[in-house]
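Q: What follows is a predicted protein model with its sequence.
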Amino acid sequence: MMRKSTPTSTARHLFSALALVGTLSSLVFVLAACEDKAIGRKCDVQADAGLSQAVFNGQALECPTRICVKPARDNAVATAVDTAPFCTAECSKDSDCDGETRDSANSGDKRCKGGFVCGVGFEVGPLCCKKICLCKDFIPKAGLTAAASCDKSKGVSTCPNL
């Protein structure tokens, strides 16, 4: 014997289906908003550079953003920096820069020790004047200083990113 569907039961099924679609859409949105940019993941800049030379690889496949950097150590940082190159991403504020940091129990781990801040990493080249997540290991305790060559009001920069 077949059961005849009533308008009330059909409405309930329709409402349940719409609720499920809404829940799944919300979940997809939340997951997309929490995209893991792998900030701090070890990567290869494919270049040799000394402590005072900053380099980057803009095609690093191990980084979701494809940006791998090794910043220059600021002269105001008193200690030697043994931090390896790391994946980074563009940012607008420090809270955009949550990332992987060093496991102090693992002596072979060369990821960033101090966490990350948002700032200008390069004053020339394709990343000139772009704010990216930078490892605090390379930055003096006093914090980042604004790059004069990236100041729009001075009108002296040749950076196309301004």
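A: On my side now, so go ahead. Residues are numbered from 1 along each chain as shown.
Q: could you pull out the strands for this structure?
A: Here the chain has its strands, by DSSP state E, at 55-57, 68-70, 86-87, 116-120, 131-135.
Q: Mind listing the strands the fourth one pairs with, and their directions?
A: Sheet pairing here is set by DSSP bridges, and for strand 116-120 it gives strand 131-135 (antiparallel).
Q: The closest residue to residue 98 other than its chain neighbours: neighbour count?
A: Excluding its sequence neighbours, the residue lying closest to residue 98 (C-beta to C-beta, 6 or more residues apart in numbering) is residue 39, at 6.9 Å. Placement of C-beta: from N, CA and C, glycine included. By other C-beta atoms under 10 Å, 26 other residues sit near residue 39.
Q: just residue 120 next, same as before
A: Residue 120 - counted by other C-beta under 10 Å - has 20 other residues nearby.
Q: Near the nearest residue to it once chain neighbours are set aside, how many other residues are there?
A: Distances taken as C-beta to C-beta, 6+ apart put residue 147 closest to residue 120, at 4.7 Å, once the chain neighbours are dropped. Look at residue 147: counted by other C-beta under 10 Å, it has 16 neighbours.
Q: what do you get for residue 84?
A: Count around residue 84 with other C-beta under 10 Å applied: 18.
Q: Just name the shakiest helix or strand of the protein by mean pLDDT.
A: Every helix and strand in the chain was compared by mean pLDDT, DSSP states H and E; the lowest is helix 7-33, with a mean of 47.
Q: got the contact list for the residue nearest to residue 120?
A: Counting by C-beta atoms under 8 Å, 6 or more residues apart in numbering, residue 147 touches 120, 123, 129.
Q: picking up where we left off before, wait, the residue nearest to residue 98 sits on residue 95?
A: No - proximity of residue 39 to residue 95 does not meet the contact threshold set by C-beta atoms under 8 Å, at 11.8 Å.
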